[in-house]
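Engineer: here you go, sequence then predicted model.
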Amino acid sequence: MVVTVSERRLFEHELEERLDVLLFASSSHRKLGKLAADLEALPRQQQDLVLHLAGVASQTYAEIGHMVATLAPQALERLDAAGFESWVITALDAYDREGLRPAMESLRDLDGFVAVRAGRRPVRFVEVEQRLGRFVHGLSGRHLSLKVGTYPWTDTEAIYLPERIAHSTVTEDNRLLYTGLAVQMWAQTRYGTFNIDLEAELARWPGREIALNWLAVLEAMRLEACILRDLPGLGKMLVALHDTWPEELHAAWSDLQSPDADVGVTLAWLARFMAQDAVPPAPTFVPRLNPAAAALARNERIARETEVLRRALGALKGTAGRKPATPSEFAAQLKTETGEVEIQLDGEAVTLPPDAKAAAQSLLQDLGELPPEALTPAGDGLWNPSGQDLGLPEQISNRAADFRYDEWDYHRNAYRRKWCHVYVNEVTPGDGQFVRDVKTRFAPHIQQIKRRFEAVRGEDRILGRQQDGEEIDVDALVEAVNDRKSGAEPSTRLFCRRVRNERSLAAMFMIDMSGSTKGWVNDAEREALVMLCEALEKLGDAYAIYGFSGWTRTRCDIYRIKSFADPYDDAVRARIDAIEAKDYTRMGVAIRHLSHLLSAQPARHKLLVTLSDGRPDDFGDEYRGQYGIEDTRRALQEAREQGIRSYCITIDRHGADYLRHMVGPASYTVLDDAKKLPLKVAEIYRKLTA
Amino acid sequence: MKPLEQITPQLASLGEEPYYLPVGDEVALFDAAATKRLPVLLKGPTGCGKTRFVEYMAWKLQRPLVTVACHDDLTTADLVGRYLIVGDDTVWLDGPLTAAVRAGAICYLDEIVEARKDTTVVIHPLADTRRALAVDKRGELVVAPPEFMLVISYNPGYQSVLKEIKPSTRQRFVALQFDYPAAEVEARIVATEGGIQPDLARKLVKLGELTRNLKGAGLDEGASTRLLIHAAQLIDAGMTPATASTAAVARALTDDPEMTQTLDDLVRAVF
C-alpha cells in the first residue's frame, strides 16, 4: 500500500466526510462524529491506514468496518502498520469462516491478537477442560458441561468457553482467566442470574446490546461478591483477574455487595446507567449473557425436575400410576440455615430418594422455592415431554427370535409380555491385530494390573483343625490338652493349613455396541476388554463377555464375544477385535438376557458389569428418555432378585443425573473421558470383588 | 472333675460425656430400642459419627461399652472366647461378646460386613427374643441381662459384591440411618471438636460439601466429618487452613493425580 508521508493530518470534519462514504451502510452511521474526533489525533500515515482498512472491511460488512475504525486508536497503540493490517485480515477471515459475530469477537480480542503476534503461547480449551470440568462439577453438584464457544457464555446446562485464551503473557494467568470465566458462569446459575425474565427486562431499552453489556458487568460485580462470601479463596482469585472497578461503578458496586442483593438489584442499577446513556465497559474477564438460550434450557430443566420430584412424591404416597392424590398434603420447607429443602407429608418430614432430592435442590437453585406443581404427586397422567406418538417401523426378521423377554412399561405400571425379540449372533472375527497392538501399547499397565490382581488372589484362608499343616492350631491344641486332662480322647487334628481362597465368582460383562460408540468409545471398550481379560486370567474368576445392540423391540441383538465356557484364546481375541458400533441401546432386554445366562452359573457371587456410553435409547421416541430408564431400572432390579449384583460403567458427561435413579446408589461410575476407560475397568472390577 | 477357672474381663462405663450433637431423632430411637431390648443397626458413610453416637449413648444409659472392629479374619472364638493354658491348667477366657453379655454392656460390632459370614451368625440368637449366647466349647448358654444391647454398624457405600450384610442378619435389627449432618450442624461439630472458630469451621464444611459433589465422579466417597475435624485439629495446632485441608482432606481422599489436582483447586477455592 502506498501512503505519502508529507501530507498533513486530516481534520475531524474531513475524516467524518471520508468515513461517511466508507461506512455508509453501517447502522451506527450517525455516530461518525465521535469516531472522527478519535481519529483526528493520529498521524496522517495511520489515519490513511485506518481509512483504507476500514474501507476494505466495510466492503465485506459495514459493521466490521465501523468496528475497525472504532478500535483503531487502541489497536495502533499496540500494533505497527503490518500488525494492524493482519488484525483486520484475521477478523475478515473469521467472517468468511464463521460469520459476523466471531469476526467482531476477533476484533475485540485485541489482547489475544497482540499476545499471539508477540509469539506468546496461548492456553487452549483442551488443556484446561478436564481439570476445570472436575472443578466446576465439585462446585455445582449438578451437571454443567464445558464446551467450546466463540465467546464465554452459559445456557445453564453447559458453559461455553473460548477455544484459546492469550490474554496474558503468562500462561498461568491465561489458565486462571479460563477458571475465572467458568466460575463466573457457574455463579450465574448458582446465584440466580436467570431467575427472572431477563429478555423482558432488556426489551425495555432501545439499545438492547448496550443494556446487555451493562447487565453482564453489573452481574459480574454482584456474583463476585457472592463468591467472595461463600468461597473466599476463589473470590480473591477473581478479584485478582481485574483492576479495581472504574470510579463510576463504585456506588453500584457497594450496593451489589450486600448479601441480600439479587438480580433485581442489578436490574435497578442497569436502569440507572441506561437512563444516563452511559457507555458500558467491556472487560475481557466478564462472560457475556444470552438470556434467551438460558431461559430455554432452564425451563426445560425445571419441567424435567418437577416431573422427577412429582414422581418421587407419587411413589411416597404409594399412588404412582394408581389413584390421583390431593395436592394439598405436601408442603416444602426451606431450612434456611442449611440451604436444604425439607418435604413434609401431612406435616411430617419425609426422606426423598437421592434423585428426587437432587431434583428438589436443583429446582431450588433455579426458582428459589419449590413451585406448588412440583409438589403435586404424579398420578395417572402420563408424561410425554415431546408429546409425540410415533408409529414405529418395526424390524421384521425372517428368523424366529431365539428368546423373548418382557419389558417394563412404566406408563401402565405393568410388563409388556414377550415384548422384546432377542437374536443371539456371532460377530465376524477380526484378525486379532487390535488386541496385539493394545497388549504392546498398554504392556506396562497390564503388568501393573496383573500384579494388583495377584495381590487379590493371594489373600489365602487359613483352615484350622487339620491333620497336617504349616502351623499348630493353638485353639485345637488347648482343647486337646483339656480333653486329655479330663480323660476324653484328644483330637489329632491340631494343625493349620493355608489354602487358596475360593472366590466363587462369575462376572458378566455387557458391552454397548450402539452406533454412538463409533470411534474412540468403541476403541476404549475394546482396549478395556483386552486389559480386563489379561487380568482376569490371573484371577481365575469365571467371566463372560457379550455385546448388545438392536433396532426396535423386534430386533434385539446379542453378540457372543466370550461365553463362560470359552477359554480366553485367539478366537476370543479375534472376536474382541471385531466389536463394532452397530445400532441402538435397548438396555433392559440385554440385561434380562445376560442375567438369565449369568444366573445359570454355579458361582456363589454373580456380578453383571455394563459398559455403555449414555442413557438407554432405541429407534423412535418410545424407549428414549424415561421409559428406557425405568425399564433398565426394572431389569436391574429383576437381576438383583436373582442374586446378581450389577455395576454400570458409563462414559457420559451427563451420567450422574439419570444413573442414580436407574441403577441405585453406589453401583455406578461415570467417566467423563473414554480414554480413562481401559485403565479404570480392571481397577473397578478389582475393587468390586476385593 | 473340678470346674475350670474362668476369666471374665471387667468392663467399666464411660466416665466423661462424649461430645455428640444429635442431628435427628436418633437419640430418642436408640433410647426406645434400649428400653424394649431391641438390637440396633447403624448404617451410614464412614466418619459420619456412628461410633461417637454409640459412645454417647453408652454414657447416657450408663452402661459399659465393648467395641469390636470387625475384620475378615475375625473368628467365632475371637468374639465368644477361647481356652488358654496357664501352667498345667486350661483356663477359659471370655471373648468381648461374651464379656459384654455377662456384664450387661453395649456390644458394638463396627463394620460388621468385614467379618466372615460364619462369624456373623453367632450373634443371631442374641439379636432376637432369645437374647442368649451359646458358648459351645463350654456347653454354656449365657442369657443376656436386660441391660445388654447389641449394636452393629455398616457402610452401605461399600462397593464389593462379596461384602453384603445378609437379610437374615439385618432383619433382626432396628436400623438407624446416618448421614453427614446438615451444614450448620456439621460446622458446630467441626468447631467444637477441632477447637477452631465457627467461621473457619463453616469453610471446612463448605470444602466437605464440594468434595461430596464429586462422589461417583472420581471419588468413591466425599470428605467425612471425621476428616474435616482432622483438618480443624491441624489448624488448631498451628497449621494454615490450606495446608491442613490439603493434608487432612485432599490427600486423604485419593491417590489419583488428576483428582488430587482438582481437590487442591477446591481447597484453594475455599480458603
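Structural biologist: Noted; the coordinates are in hand. For clarity, every value in this text was computed on a predicted model and none was experimentally measured.

Engineer: residue 223: neighbour count?
Structural biologist: Picking chain A for this. For A:L223, the count of nearby residues is 28 (other CB atoms under 10 Å in any protein chain shown). The way it works is simple: take the backbone N, C-alpha and C, and place the C-beta from them, glycine included.

Engineer: hmm, no, I was thinking of chain B.
Structural biologist: As a burial measure, B:A223 scores 30 neighbours (other CB under 10 Å).

Engineer: contacts only, for it.
Structural biologist: By CB atoms under 8 Å, 6 or more residues apart in numbering or on different chains, B:A223 lies in contact with B:207-208, B:211-212, B:249, B:252-253.

Engineer: highest neighbour count among those residues?
Structural biologist: B:L207 (28 neighbours).

Engineer: chain neighbours aside, what residue packs nearest to that residue?
Structural biologist: Nearest non-adjacent residue to B:L207, counting by CB to CB, 6 or more residues apart in numbering or on different chains: B:V270, 4.6 Å away.

Engineer: quick one on the thing from earlier: export the contacts of B:A223 as CSV, with columns for secondary structure and pLDDT.
Structural biologist: Formatted as CSV, the contacts of B:A223 follow (DSSP: H, G, I helix; E, B strand; the rest coil; pLDDT from 0 to 100):
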residue, secondary structure, pLDDT
B:L207, helix, 94
B:G208, helix, 94
B:T211, helix, 93
B:R212, helix, 90
B:V249, helix, 92
B:A252, helix, 92
B:L253, helix, 91
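
Engineer: among these, which two are most distant?
Structural biologist: Within the contacts of B:A223, B:R212 and B:A252 form the most distant pair, 14.1 Å apart (CB to CB).

Engineer: quick one: pLDDT of residue 31?
Structural biologist: Went with chain A since none was named. pLDDT for A:K31: 72.

Engineer: hmm, I had chain B in mind actually
Structural biologist: For B:D31, the model assigns a pLDDT of 95.

Engineer: who touches it in this structure?
Structural biologist: B:57, B:60-61.

Engineer: returning to what we had before: ok, so of the contacts of B:A223, who is nearest chain A?
Structural biologist: Using CB to the nearest CB, the shortest approach to chain A within the contacts of B:A223 belongs to B:T211, at 6.8 Å.

Engineer: coming back round to it: for the contacts of B:A223, give me JSON lines that also has distance to A:H52.
Structural biologist: Listed next are the contacts of B:A223 as JSON lines, based on distance: CB to CB, whole Å:
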{"residue": "B:L207", "distance to A:H52": "57"}
{"residue": "B:G208", "distance to A:H52": "61"}
{"residue": "B:T211", "distance to A:H52": "58"}
{"residue": "B:R212", "distance to A:H52": "60"}
{"residue": "B:V249", "distance to A:H52": "61"}
{"residue": "B:A252", "distance to A:H52": "64"}
{"residue": "B:L253", "distance to A:H52": "61"}
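
Engineer: what ranges in chain B fall below the confidence cut-off?
Structural biologist: Low-confidence segments of chain B (pLDDT under 70): B:1-8, B:10, B:157-162.

Engineer: how about a cut-off of 50?
Structural biologist: For chain B, applying pLDDT under 50 flags the ranges B:1-3.

Engineer: okay, strands next: where are they in it?
Structural biologist: Listed in chain order, the strands of chain B (DSSP state E) span B:5-7, B:40-43, B:65-69, B:81-86, B:89-94, B:106-110, B:132-135, B:140-143, B:149-154, B:174-177.

Engineer: now mean neighbour count and distance to chain A too, for those, in JSON lines please.
Structural biologist: Below are those laid out as JSON lines (neighbours: other CB atoms under 10 Å in any protein chain shown; distance: least, CB to the nearest CB, whole Å):
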{"stretch": "strand B:5-7", "mean neighbour count": "12", "distance to chain A": "12"}
{"stretch": "strand B:40-43", "mean neighbour count": "23", "distance to chain A": "12"}
{"stretch": "strand B:65-69", "mean neighbour count": "19", "distance to chain A": "18"}
{"stretch": "strand B:81-86", "mean neighbour count": "18", "distance to chain A": "4"}
{"stretch": "strand B:89-94", "mean neighbour count": "18", "distance to chain A": "4"}
{"stretch": "strand B:106-110", "mean neighbour count": "25", "distance to chain A": "19"}
{"stretch": "strand B:132-135", "mean neighbour count": "18", "distance to chain A": "13"}
{"stretch": "strand B:140-143", "mean neighbour count": "14", "distance to chain A": "15"}
{"stretch": "strand B:149-154", "mean neighbour count": "26", "distance to chain A": "12"}
{"stretch": "strand B:174-177", "mean neighbour count": "15", "distance to chain A": "8"}
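
Engineer: tell me which of those strands sits nearest to A:G233.
Structural biologist: Proximity to A:G233 (CB to CB) singles out strand B:174-177 among the strands of chain B, at 33.5 Å.

Engineer: near chain B, which residues of the stretch 51-200 of chain A are found?
Structural biologist: Residues of the stretch 51-200 of chain A that fall close to chain B, judged by CB under 8 Å from any CB of the partner chain: A:130-131, A:134-135, A:137-141, A:179.

Engineer: got a winner among the residues you listed for most neighbours?
Structural biologist: A:F135 (27 neighbours).

Engineer: any idea how far it is from B:L204?
Structural biologist: Relative to B:L204, A:F135 is positioned 18 Å away (CB to CB, to the nearest Å).

Engineer: how about A:S599?
Structural biologist: For A:S599 relative to B:L204 (CB to CB), the value is 47 Å.

Engineer: more neighbours: the two, which one.
Structural biologist: A direct count of neighbours by other CB under 10 Å for A:S599 and B:L204 places B:L204 higher, at 31 against 16.

Engineer: wait, what's in contact with that one?
Structural biologist: Per CB under 8 Å, 6+ apart, neighbours of B:L204: B:187, B:190, B:194, B:196, B:228, B:231-232, B:241, B:245, B:249, B:270.

Engineer: and A:R121, helix, strand or coil?
Structural biologist: Using DSSP: H, G, I helix; E, B strand; the rest coil, the structure places A:R121 in coil.

Engineer: give me the neighbour count for it.
Structural biologist: Neighbourhood size, A:R121 [other CB under 10 Å]: 12.

Engineer: could you measure from the closest residue to it other than its chain neighbours over to B:K166?
Structural biologist: Counting by CB to CB, 6+ apart, A:T171 is the residue found nearest to A:R121 once chain neighbours are left out, at 6.3 Å. From A:T171 over to B:K166 the distance is 56 Å, taken as CB to CB.

Engineer: and the two? Which one has more around it.
Structural biologist: A:T171 (15 against 12).

Engineer: I'd say the more buried one and A:E127 touch.
Structural biologist: No. A:T171 is beyond contact range of A:E127, at 9.3 Å (criterion: CB atoms under 8 Å).

Engineer: thinking again about what came up before, just the ones in helices from the contacts of B:D31, please.
Structural biologist: Residues of the contacts of B:D31 located in helices (DSSP state H): B:57, B:60-61.

Engineer: which single one of the residues you listed is nearest to chain A?
Structural biologist: B:M57 (22.2 Å).

Engineer: what sits against that closest one?
Structural biologist: With CB under 8 Å, 6+ apart, B:M57 has these contacts: B:27, B:30-31, B:34, B:106.

Engineer: what separates stretch B:150-157 from the chain centre, distance-wise?
Structural biologist: Mean-position distance between stretch B:150-157 and its chain equals 7 Å (CA atoms, centre = their mean, to the nearest Å).

Engineer: kindly apply the preceding question to stretch A:356-363 instead.
Structural biologist: Counting by CA atoms, centre = their mean, stretch A:356-363 comes out at 17 Å from the chain centroid.
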